[in-house]
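J.: quick one, structure for this:
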Amino acid sequence: MKVSRFLKVAAAVSVAALAFAGCSSNTAATATKFSAAANETGKGVSIVVMGGAPSDSFWSVVKNGTLDAGLAIENAGGKVTVLSMPNYDNFNADAAKLVDKMLTLNPTAVVIPDWVPDAMNEGIKKLKAAGVIVVLYNSGQHEVENVGAEIYIGSDEYVAGKLAGEAMAAAGKKHVVCVNTLPGLANIEARCKGVKDGFGGASESLNLPSSSFGDATAVTQAVKAAITKDTSIDGLVSIGDSDADSITEAITQAGAADRVVHGGFAVNEQVLERVKAGTQFFAIDQQGYAQGYYATSYAFQLAAYAISLPVKELLSGPSLINKDNVDKVLAGAKGGRR
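T.: Sure, this is the predicted structure:
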């Protein structure tokens with residue numbers, strides 16, 4: 001019943017009047033009245049969404065989802081504000097500050113990736129205590145009850161890691177390393193643990209400073225040094241699409257393409273083209289666009305219409321992309337939606 005109501009109002013929020021174009025004047029009038037009612041109910045609802053750094057290509061896709069949902073929300077009388085991390089150099093402190101900033105904006109609802117519970121949960125609980133609706137997305141799957149959030153929308157990162165590890169094991173690899181450029185983040189740690197557990201053989205994490213995330217030179221040189229020093233390493237897993245580019249380059253520079261295969265989390269057009277060409281073994285997709293779109297939409301529908309789902313998590317992934325299914329995903333990536 002709740003799911004049905006959720007879908008009905010989602011249609012209303014998405015500028016339902018467009019669906020009636022070309023219909024009778026009576027039908028069009030009904031649609032106009034329906035849209036006006038939605039505007040009245042949603043008027044004054046403010047959704048504040050927290051996201052990653054602008055330089056992070058994955059979070060650009062998530063933001064596209066948030067902004068697309070925002071168009072429908074604005075049509076219904078609401079407002080969406082996006083707050084982004086400046087960078088990842090001082091991750092914990094900056095994430096905590098961004099949560100605190102949310103409270104100063106007097107939101108009706110917030111959408112937060114709970115990357116670092118130890119640093120962020122105190123601020124999230126303050127939002128909840130102030131009567132703000134809290135939706136967790138992308139990270140924080142196991143923090144919903146702890147912070148009093150309504151739902152978690154995102155991927156199961158441990159399962160995603162296991163999927164990657166199992167793919168490496170099935171390929172006959174013997175020693176797999178998860179290259180972690182954001183150590184300490186709950187979702188990333190879960191990925192690397194999943195890789196180790198799913199692989200079942202020799203596996204560890206190569207932890208680099210968070211300032212190295214997106215730093216092509218730093219990641220390339222660190223990975224090149226690791227696979228040159230330890231020639232038993234024959235599988236590498238990247239935690240994001242920008243690092244995937246660097247790891248591919250490291251394998252090339254080390255002359256190890258005949259020995260080391262690479263798979264990774266998150267997708268973009270370049271990653272998918274490599275998967276298609278066979279120069280990247282696989283990619284694990286968590287559908288960032290869907291995370292941004294559904295989390296923002298859910299927060300608004302709950303705030304404006306008291307619509308909720310009878311679940312505490314809504315999973316957007318993971319899914320394994322390889323040469324067999326990559327063509328189906330490429331079109332979405334080219335449109336900035338994957």
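J.: could I get the CA-only coordinates of the host helix or strand of G198 as CSV?
T.: Following DSSP states H and E, one finds G198 within helix 186-199. Extracted C-alpha coordinates of helix 186-199, given in CSV (Å, rounded to 0.1, in the frame of the first residue of the first chain):
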residue,chain,number,x,y,z
ALA,A,186,33.0,3.0,6.2
ASN,A,187,31.8,2.2,2.7
ILE,A,188,35.3,1.9,1.3
GLU,A,189,36.5,-0.3,4.1
ALA,A,190,33.5,-2.5,3.6
ARG,A,191,34.4,-2.9,-0.1
CYS,A,192,38.0,-3.9,0.6
LYS,A,193,36.9,-6.4,3.3
GLY,A,194,34.4,-7.9,0.9
VAL,A,195,37.2,-8.2,-1.7
LYS,A,196,39.3,-10.2,0.8
ASP,A,197,36.5,-12.4,1.9
GLY,A,198,35.1,-13.0,-1.6
PHE,A,199,38.5,-13.9,-3.0
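J.: elements contacting the strand or helix carrying A244?
T.: In the assignment (DSSP H and E), A244 maps to helix 241-253. If you count contacts as 3 or more Cβ pairs under 8 Å, 6 or more residues apart in numbering; DSSP states H and E, helix 241-253 packs onto helix 57-75, helix 216-229, strand 235-238, strand 261-265, helix 269-277. (Glycine included, C-beta is placed from N, CA and C.)
J.: buried deepest among those, which one?
T.: Among the helices and strands packed on helix 241-253, the stretch with the highest mean neighbour count (mean count of other Cβ atoms under 10 Å) is strand 235-238, at a mean of 30.
J.: strand 261-265 and the helix holding G198, what's the angle between them?
T.: 140 degrees (axes from the mean of the first three to the mean of the last three Cα atoms, to 10 degrees).
J.: SS state for G255?
T.: Classification of G255 by DSSP: H, G, I helix; E, B strand; the rest coil places it in coil.
J.: what count of nearby residues applies to it?
T.: Residues near G255, counting by other Cβ atoms under 10 Å, number 11.
J.: with the one 4 residues further on instead?
T.: Here the count is done by other Cβ under 10 Å, and R259 has 15 residues near it.
J.: quick one, what contacts L163?
T.: 194, 198, 284, 318, 320 (Cβ atoms under 8 Å, 6 or more residues apart in numbering).
J.: quick one: which of the residues you listed is nearest to T66?
T.: P318 (20.6 Å; Cβ to Cβ).
J.: next SSE after the helix holding G198?
T.: strand 202-207.
J.: correct me if wrong: S55 contacts G214.
T.: Yes - judged on Cβ atoms under 8 Å, S55 makes contact with G214 at a distance of 5.7 Å.
J.: show the average pLDDT along the helix holding A244.
T.: The average pLDDT within helix 241-253 is 95.
J.: how about stretch 78-91?
T.: Stretch 78-91 comes out at a mean pLDDT of 97.
J.: same deal with stretch 216-228?
T.: Mean pLDDT, stretch 216-228: 97.
J.: top of the contacts of L163 by neighbour count?
T.: I284 (28 neighbours).
J.: that residue is in what secondary structure piece?
T.: Here I284 is assigned to strand 282-285, by DSSP H and E.
J.: what is the subsequent helix or strand relative to that strand?
T.: Counting by DSSP H and E, the element after strand 282-285 in chain order, helix or strand, is helix 288-305.
J.: helix 241-253 and that following helix, what's the angle between them?
T.: Interaxial angle, helix 288-305 versus helix 241-253 (the same axes, to 10 degrees): 170 degrees.
J.: export helix 288-305 as PDB, just CAs?
T.: C-alpha atoms of helix 288-305 as PDB (Å, rounded to 0.1, in the frame of the first residue of the first chain):
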ATOM      1  CA  GLY A 288      25.200   6.700  -8.400                       C
ATOM      2  CA  TYR A 289      22.600   8.500 -10.400                       C
ATOM      3  CA  ALA A 290      19.800   6.300  -8.900                       C
ATOM      4  CA  GLN A 291      21.200   7.000  -5.400                       C
ATOM      5  CA  GLY A 292      21.000  10.800  -5.900                       C
ATOM      6  CA  TYR A 293      17.600  10.700  -7.600                       C
ATOM      7  CA  TYR A 294      15.800   8.300  -5.300                       C
ATOM      8  CA  ALA A 295      17.200   9.600  -2.000                       C
ATOM      9  CA  THR A 296      16.300  13.200  -2.800                       C
ATOM     10  CA  SER A 297      12.900  12.200  -4.100                       C
ATOM     11  CA  TYR A 298      12.200  10.100  -1.100                       C
ATOM     12  CA  ALA A 299      13.200  12.800   1.400                       C
ATOM     13  CA  PHE A 300      10.800  15.200  -0.300                       C
ATOM     14  CA  GLN A 301       7.900  12.800  -0.600                       C
ATOM     15  CA  LEU A 302       8.200  12.000   3.100                       C
ATOM     16  CA  ALA A 303       8.500  15.600   4.100                       C
ATOM     17  CA  ALA A 304       5.700  16.900   1.900                       C
ATOM     18  CA  TYR A 305       3.200  14.100   1.800                       C
END
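J.: let me see the mean pLDDT of whichever helix or strand comes after that helix.
T.: The helix or strand immediately downstream of helix 288-305 is strand 313-317, counting by DSSP H and E. For strand 313-317, mean pLDDT rounds to 97.
J.: domain assignment for this protein?
T.: 2-156+287-317, 157-285 (automatic domain parsing).
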